[in-house]
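Q: Sharing a model that was predicted from the sequence below.
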Amino acid sequence: MTEHLTIVTHPLVQHKLSIMRDKNTSTASFRRLLHEISQLLAYEITRELDMTTKTIETPMETMDAPILEGKKLALISILRAGNGLLDGVLELIPAARVGFVGLYRDEETLEPVQYYFKVPENLEDRLVIAVDPMLATGNSSAAAIDLLKQAGAKNIRFMCLLAAPEGVARMKEAHPDVPIVTASLDRCLNDKGYILPGLGDAGDRMFGTK
Ligand SMILES: O=P(O)(O)OC[C@H]1O[C@H](OP(=O)(O)OP(=O)(O)O)[C@H](O)[C@@H]1O
Ligand SMILES: O=c1cc[nH]c(=O)[nH]1
Ligand SMILES: [Mg+2]
């Protein structure tokens, strides 16, 4: 991908996102819509995957059919809210390897606190797609991508549902080589680091906590 930021403006994505933003939307609906949107974002983030061909026999004749090239992908969920995007993408790319980076944001400092890290081997040979619905200050995603690079990842893309301009700028400074695919670039952060207009705390809304 060449663009640093891609906003998926497809009407289906935007319609589903508006329902998710509504504070009266239930936990069950929120989770289902995030699952659906994850697949539409996956369609965009995988648009330029490298292809090769394989010779196959159709019932009619022989053909060189297009297939994905290279090693399998690695999908990395930034816990816990990343899991809301993970399953949908994994349905589309069932052979992908999966890793987890456990981070939560300290509510006072807005700095990420790491509690877990487990990723597939040979990250350097894989396309790595990191997923987290919210890019707010960018501290969590920048830290997660630091860890993935330390583990060897070289070709990384980041998928989120909502991005704040502050988070996009932070990512561009820290990781200019990591393209971001999002459903929306929102207005700004509030003084507690929440995205406006946003949708609240994605983890709490999808898991019914708080
Ligand atoms: O860009 P930032 O300012 O770092 O904020 C974004 C982070 O905040 C949320 O996670 P949270 O800390 O709420 O943890 P959770 O996923 O366990 O709910 C979200 O899922 C991101 O990981
Ligand atoms: O608005 C925000 C910001 C960070 N994390 C969330 O879940 N929501
Ligand atoms: Mg998180």
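A: Yep, that arrived. Ligands and ions are numbered 1, 2, ... in the order given.
Q: Ligand 2 versus the closest residue to ligand 1 within the chain, what's the distance?
A: Residue of the chain nearest ligand 1, by Cβ to the nearest ligand atom: G203 (2.3 Å). C-beta: built from backbone N, CA, C; applies to glycine. Distance of G203 to ligand 2, given as Cβ to the nearest ligand atom, to the nearest Å: 6 Å.
Q: Can you give me every residue that contacts that residue?
A: 80-81, 209 (Cβ atoms under 8 Å, 6 or more residues apart in numbering).
Q: same thing but 10 Å
A: 79-84, 104-105, 132-134, 209-210 (Cβ atoms under 10 Å, 6 or more residues apart in numbering).
Q: Okay, and it sits in which element?
A: helix 202-207 (DSSP states H and E).
Q: Tell me the buried residues in that helix?
A: Across helix 202-207, burial judged by 16 or more other Cβ atoms under 10 Å covers 202-203, 205-207.
Q: Repeat that for stretch 108-123.
A: 112, 117, 119-120, 123.
Q: what about that stretch, near ligand 1?
A: Yes: using Cβ under 6 Å from any ligand atom, stretch 108-123 reaches ligand 1 at 110, 112.
Q: buried stuff in stretch 83-100?
A: Result for stretch 83-100 [16+ other Cβ under 10 Å]: buried residues 83-90, 93, 96-100.
Q: Give the other helices and strands that whichever helix in the chain runs longest contacts.
A: If each helix of the chain is counted by residues according to DSSP state H, the longest one is helix 27-45. The contact analysis (3 or more Cβ pairs under 10 Å, 6 or more residues apart in numbering; DSSP states H and E) places helix 27-45 against strand 5-7, helix 11-21, helix 83-92, strand 127-131, strand 155-159, strand 180-182, helix 202-207.
Q: what mean pLDDT does that helix have?
A: Mean per-residue pLDDT for helix 27-45: 98.
Q: Spell out which parts of the chain neighbour ligand 1.
A: Where the chain comes near ligand 1, counting by Cβ under 6 Å from any ligand atom, the residues are 78, 80-81, 103-105, 110, 112, 132-141, 167, 193, 201-203.
Q: Could you rerun that using 8 Å?
A: 78-82, 103-105, 110, 112, 132-144, 164, 167, 170, 189, 193, 201-204, 207, 209 (Cβ under 8 Å from any ligand atom).
Q: How far off centre is the strand ranked longest in the chain?
A: Ranked by residue count under DSSP state E, the longest strand found in the chain is strand 97-105. Remark: strand 97-105 is offset 11 Å from the chain centroid, using Cα atoms, centre = their mean, to the nearest Å.
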